[in-house]
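J.: Predicted model, plus sequence, below.
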Amino acid sequence: MRYFLVLSLIVFFSHLPGRKLAAQNTQEQLKQMHSSVMEKYDGKDYYIHTIKRGQTLYMISKAYGVDVNEIIRENPGVKEGIRADQKLRIPVPGQKSVAIPKAGVKKDHGNAGKETGMETKETPAKIDSVVVAPLPCGQDGSTKKSVYNVALMLPLFLDGVDQIDAANPEPGIFETSKSFQFLPYYEGFRMAVDSLGKQGLKIKLHVYDADKDTARTRLLLENPELKSMDLIFGLLYHPNFQMVASFAKKYKINLINPISERNELVTGNPYVFKVQPSKQNQIKQLAATLAQSFNGGQVLIIRNGQYHDNLAPDQLKKECLERNIKVQVVEGQEAAIIRYSKDEPNWVVAFSDNQAYVLDLLKSMYKLRNEYNLTLIGLPGWSTMEGLENEYLVALKTHMMTSSFIDYDNPAVKQFVRQYQDVYKTDPELLAFEGFDQAYYFLSALNAFGVDIARCIGESKVQSLLTTYDFNQTRENGFENRSWVIYRYENYKLVKVR
């Protein structure tokens, strides 16, 4: 059943003009909003715009090509909200701004000034510029819209759809066909859009096929409607994402990267949000967890010469010392064993991604579990290693780090699984959870803060299924999620610690 549901969805995508959903001529709508009525005040030309029901300050600013804050400066009354039939004074682009004097005599400029509560004054000898302070997050409605345009770019490989025999599908088609590889992400994403739609958020979702072919991605970016997107999700191969990132920076559109860990994605581009945390953030998260769970004892950091990052052990030691944790770095597991204490807990962190080394460490620590109080900290990637015995992991109170963690005892997770099964007739994969979580988080931010989500993303407190998002921006760069999930083995169950 799921095969036919998804196949019909792909075929539908492939027959849409431009391979996208819900195409709207937004530019034409903005042109129709533009007023032709002009007046001059204090030697400066203005358009007089009459607000119509459903219009927002953001839409109006786009229609006239001026910044929202400039409209607010010229019409201070709109800080209290706007209403239908209200008149706004919109400066003609390209003119030099005239500072508003601090004191002077009122002038009556007719209905435009009266209806907006605007005030103009004679220019005295001394002029002080007025700076409009931004409203608190959630209270500033200037960038909110009644309907948001959101683009979702996925490598759907629609050229191969015609080769699929819908009447007699090959066994294992979901595993072998590239067209199905990223569909679980779309399915989860679509469920988030539908869920938020029931809460009143209106989204026009535009889905684009963007495979590995950079020439086709370049052609896709020539589509004029992409310039009017409020948010772009780009689940793309790296060269293609870099092209879309340059486009997003040029047109000041926030762009979400759902799956890559590359740090350079956010370098020099303040419009990119990288969802997957980088390994550089592991150290601080791990030290914070040790400080939270630490009840005395010592931390032993095992350095393995084969590990790719030789600086990581010393960095963790530094972070632990700053948190007043007793810690030392040792060279190899044999050096750790002779430093185990029988009088206090031993927290062992092994920097290794070598499967044979990790298995040997587990066995040696397991043999000593009755002589010493041992807790093992595992790195990201350990959970996917084969041969790790659950008995060992439980006995050593093993903690694991991961970028995402599915707690199937969580009622919200259970509800999502049931709904997914009802719609798609199968169990959700990790990509489906990621699609739902990321869409729900960022689209909720759009609903709460408007298109200027960058200023307020730190105040978005949406409960996610997989992780807790913690976005941080460095100067002139984009935003990166710093949150790693840490869970432990307890009574043969996985329990989230952080």
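T.: Great, that's in hand. Residues are numbered from 1 along each chain as shown.
J.: isn't residue 228 right up against residue 149?
T.: Yes: applying Cβ atoms under 8 Å as the test, residue 228 and residue 149 come out as touching, 5.9 Å apart. Where you see a C-beta, it was placed from the backbone N, CA and C, and this is true even at glycine.
J.: And the two? Which one has more around it.
T.: Legend: neighbour count by other Cβ atoms under 10 Å for residue 228 and residue 149, higher for residue 149 (21 against 18).
J.: So which elements touch the helix or strand containing that one?
T.: Using DSSP states H and E, residue 149 maps to strand 148-154. Applying 3 or more Cβ pairs under 8 Å, 6 or more residues apart in numbering; DSSP states H and E, we find strand 148-154 packed against helix 183-198, strand 203-209, strand 231-234, helix 430-449.
J.: Now mean neighbour count and distance to residue 318 too, for the ones you listed, in a markdown table please.
T.: As requested, those are exported to a markdown table (neighbours: other Cβ atoms under 10 Å; distance: least, Cβ to Cβ, whole Å):
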| stretch | mean neighbour count | distance to residue 318 |
| --- | --- | --- |
| helix 183-198 | 20 | 38 |
| strand 203-209 | 22 | 45 |
| strand 231-234 | 26 | 36 |
| helix 430-449 | 23 | 32 |
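J.: how's the chain carved up into domains?
T.: 1-25+143-277+408-479, 34-116, 280-402 (automatic domain parsing).
J.: Going by mean pLDDT, which of those domains comes out lowest?
T.: Mean pLDDT is lowest for domain 34-116 among the domains of the chain, at a mean of 72.
J.: give me every residue that touches the closest residue to residue 179 other than its chain neighbours.
T.: Nearest residue to residue 179 in three dimensions, chain neighbours excluded: residue 157, at 4.8 Å (Cβ to Cβ, 6 or more residues apart in numbering). Neighbour list for residue 157: 177, 178, 179, 181, 209, 211 [criterion: Cβ atoms under 8 Å, 6 or more residues apart in numbering].
J.: How about residue 436?
T.: Counting by Cβ under 8 Å, 6+ apart, residue 436 touches 188, 189, 191, 192, 416, 465.
J.: which of those residues lies closest to residue 215?
T.: Residue 215 has its nearest neighbour among the contacts of residue 436 in residue 189, at 26.2 Å by Cβ to Cβ.
J.: Give me the distance between that closest one and residue 379.
T.: In this view, residue 189 and residue 379 are 30 Å apart by Cβ to Cβ, to the nearest Å.
J.: same deal with residue 186?
T.: Counting by Cβ to Cβ - residue 186 and residue 379 are separated by 31 Å.
J.: I'd say residue 416 and residue 423 touch.
T.: No: using Cβ under 8 Å, residue 416 makes no contact with residue 423, being 10.8 Å away.
J.: Quick check on the two: which one has the bigger neighbour count.
T.: For residue 416 versus residue 423, neighbours defined as other Cβ under 10 Å are more numerous around residue 416 (22 against 15).
J.: secondary structure element for the more buried one?
T.: helix 411-424.
J.: Tell me which residues are up against that helix.
T.: 2, 5-6, 187-188, 191, 406-408, 426-428, 432-433, 436, 463, 465.
J.: Can you give me the buried ones in it?
T.: In terms of neighbour count (16 or more other Cβ atoms under 10 Å), helix 411-424 has its buried residues at 413, 416, 417, 420, 424.
J.: Equivalent analysis for stretch 375-390, please.
T.: Buried-residue list, stretch 375-390, by 16+ other Cβ under 10 Å: 375, 376, 377, 378, 379, 380, 382, 383, 388.
J.: and the nearest residue to residue 285 once chain neighbours are set aside, how many neighbours does it have?
T.: Leaving aside its chain neighbours, residue 285 sits nearest to residue 484 (4.3 Å; criterion: Cβ to Cβ, 6+ apart). Neighbourhood size, residue 484 [other Cβ under 10 Å]: 26.
J.: The one 4 residues further on too?
T.: Around residue 488 sit 22 other residues, with neighbours defined as other Cβ under 10 Å.
J.: Please compute how far stretch 350-359 lies from its chain's middle.
T.: Distance of stretch 350-359 from its chain centroid, counting by Cα atoms, centre = their mean, to the nearest Å, is 32 Å.
J.: Pull up the distance across that stretch, start to finish.
T.: One end of stretch 350-359 to the other measures 12 Å (Cα to Cα, to the nearest Å).
J.: How about residues contacting that stretch?
T.: With Cβ under 8 Å, 6+ apart as the test, stretch 350-359 has contacts from 301-304, 306-309, 312-313, 333, 361, 376-379, 381-382, 385-388.
J.: what do you get if the cut-off is 7 Å, keeping everything else the same?
T.: Contacts to stretch 350-359, defined as Cβ atoms under 7 Å, 6 or more residues apart in numbering, come from residues 302-304, 306-307, 312-313, 361, 379, 381-382, 385, 387.
J.: In helices, which of those residues appear?
T.: 312, 313, 361 (DSSP state H).
J.: which ones are touching the first one?
T.: Going back to what we said before, that points to residue 312. Contacts of residue 312 by Cβ under 7 Å, 6+ apart are 283, 351.
J.: do the same with the second one
T.: For residue 313, the contacting residues are 301, 303, 329, 351, taking Cβ under 7 Å, 6+ apart as the criterion.
J.: Go again with 10 Å.
T.: Counting by Cβ atoms under 10 Å, 6 or more residues apart in numbering, residue 313 touches 283, 301-304, 307, 327, 329-331, 349-351.
J.: In these, find the pair that's most separated.
T.: Spatial extent of the contacts of residue 313 (Cβ to Cβ) is set by the pair 283 and 331 at 19.0 Å.
J.: More neighbours: which of the two?
T.: The residue with more neighbours, out of residue 283 and residue 331, is residue 283; 21 against 12, by other Cβ under 10 Å.
J.: tell me which element that one falls in.
T.: Element membership for residue 283 (DSSP H and E) is helix 282-293.
J.: buried stuff in that helix?
T.: The neighbour-count check on helix 282-293 (16+ other Cβ under 10 Å) flags 282, 283, 285, 286, 287, 289, 290 as buried.
J.: and the residues you listed as CSV, adding distance to residue 196?
T.: Output for the buried residues of helix 282-293, formatted as CSV (distance: Cβ to Cβ, whole Å):
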residue, distance to residue 196
282, 32
283, 35
285, 29
286, 34
287, 36
289, 32
290, 37
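J.: Which member of these is positioned nearest residue 197?
T.: Closest to residue 197, out of all of those and judged by Cβ to Cβ, is residue 285, at 34.5 Å.
J.: residue boundaries of the strands in the stretch 201-350 of the chain?
T.: Counting by DSSP state E, counting those that start in this stretch, one finds strands in the stretch 201-350 of the chain at the ranges 203-209, 231-234, 254-257, 272-274, 298-303, 327-331, 346-351.
J.: whoops, I mixed them up, the stretch 1-150 of the chain
T.: Here the stretch 1-150 of the chain has its strands, by DSSP E, counting those that start in this stretch, at 38-41, 44-50, 87-91, 148-154.
J.: Would you format those as JSON lines with distance to residue 393 included?
T.: Formatted as JSON lines, those follow (distance: least, Cβ to Cβ, whole Å):
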{"stretch": "strand 38-41", "distance to residue 393": "73"}
{"stretch": "strand 44-50", "distance to residue 393": "65"}
{"stretch": "strand 87-91", "distance to residue 393": "64"}
{"stretch": "strand 148-154", "distance to residue 393": "36"}
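J.: how about these, which one is nearest residue 394?
T.: Proximity to residue 394 (Cβ to Cβ) singles out strand 148-154 among those, at 39.3 Å.
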